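**Q** The following comprises the amino acid sequence and a computationally predicted model.
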Amino acid sequence: MSEDAIRLESLRKTYKGRKGQPEKHALKGVDLNIPRGSVFGLLGPNGAGKSTLINILAGLVKKTSGRVSIWGFDQDENPRQSRASIGVMPQELNLDPFFTPRGALEVQAGLYGVPKADRYSDEILRMIGLEDKAEAYARTLSGGMRRRLLLGKALVHRPNILVLDEPTAGVDIELRQMLWDNIRKLNAQGMTIILTTHYLEEAEEMCDEIAIINQGSVVARDTTANMLGRLDGRAMVVHPASPVETLPQGPGIETELRPDGSVVLRYRSQVTTAEAVLETVRAAGISIRDVKTEEADLEDVFLSLTSSLG
Ligand code: ADP
Ligand code: MG
């Protein structure tokens, strides 16, 4: 269907094992279509295969088998057009230290065959907040500035699809906000956005739809609202006023005593209310000094989704 921005069929990637290592099945037959105009989140724990998938889209990693179609262009049959349709902000910082931001943008535009008259480096520099640093060597830029420059480089050929691989991993709140604002603006202008993350919160804030990938397979795919309903594991951590003698018990609640004397109560927010959990704590005679709730560990969530969905 031409309405899809991306279409993957039975996509597989097997890395050869390095010296004596077994081969690694990083993608095990991924079928996925990503609609045009969306902000689509690819969510999964470290090692799930997110970067492998992104790097195949970007043409940086060669797939083992399967079909990849980008903006309606088959990657094998129309490599030039499919490449022109997509811009990728990679996870790794891979900037040439001797280029200035302006130079890096111009070189990138040259690589994509963008004619001089169609280049818009000044506008990009303004958007990523690097106008003041336009002529500074990349090696003098901070980590945050380099990440912004990577975003700029992904945009030089005005791609229909922008892919961001863990755009906010390890960045400060200010930069995260700036990236999110930019992403929203670009999407409002019609650009399809695909981002990978292992932060549920980030997917929640940004994405219309989410696919969850674990160990090389897509294990779930849904609208963000529906997905969050499924990812409803919570943990309440109670710090008692005095040492706990009896652990609280209740239906749908798993309890654990931590070495620091606090009690962790795990439950699903759609099945059990926080009030009901607190009730079991009081019923066990525990007086509460402090309490907080945590979202369930994503690793656990991925595991349970993987096992429950086969
Ligand atoms: P993610 O981005 O979700 O963290 P990756 O796509 O980077 O996951 O990695 C998926 C799996 O493939 C991991 O087990 C990783 O160790 C392995 N892998 C990634 N790149 C290579 C490579 N060049 N050679 C061998 N194994 C690799
Ligand atoms: Mg990665």
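**A** Structure received. Ligands and ions are numbered 1, 2, ... in the order given.

**Q** Over to the nearest residue to D4 once chain neighbours are set aside: give its phi and psi.
**A** Distances taken as CB to CB, 6 or more residues apart in numbering place N33 nearest to D4, at 4.6 Å, with adjacent residues excluded. Yep, even glycine has a C-beta here, placed from its N, CA and C like the rest. Dihedral pair for N33: phi -120, psi 140, per degrees, to the nearest 10.

**Q** Am I right that N33 is in contact with I6?
**A** Yes. Contact status for N33 versus I6: in contact at 6.8 Å, counting by CB atoms under 8 Å.

**Q** more crowded one of these two?
**A** I6 (23 against 16; other CB atoms under 10 Å).

**Q** my guess is G37 contacts T192, does it?
**A** Yes. Between G37 and T192 there is a contact under CB under 8 Å: 5.8 Å.

**Q** which residues do the two both contact?
**A** Here G37 and T192 have A5 as joint contacts, going by CB atoms under 8 Å, 6 or more residues apart in numbering.

**Q** out of these two, which sits in the more crowded spot?
**A** Legend: neighbour count by other CB under 10 Å for G37 and T192, higher for T192 (24 against 14).

**Q** and the residue of the stretch 1-150 of the chain nearest ligand 2?
**A** Taking CB to the ion, ligand 2 has its nearest neighbour within the stretch 1-150 of the chain at S51, 3.2 Å off.

**Q** Would you check how far apart that residue and I6 are?
**A** Applying CB to CB, to the nearest Å, the value for S51 to I6 is 16 Å.

**Q** Ok, G152 next?
**A** Distance from G152 to I6, by CB to CB: 22 Å.

**Q** can you check D96 too?
**A** 29 Å.

**Q** near ligand 2, which residues of the protein show up?
**A** By the rule CB under 5 Å from the ion, the part of the chain lying against ligand 2 is 50-51, 91.
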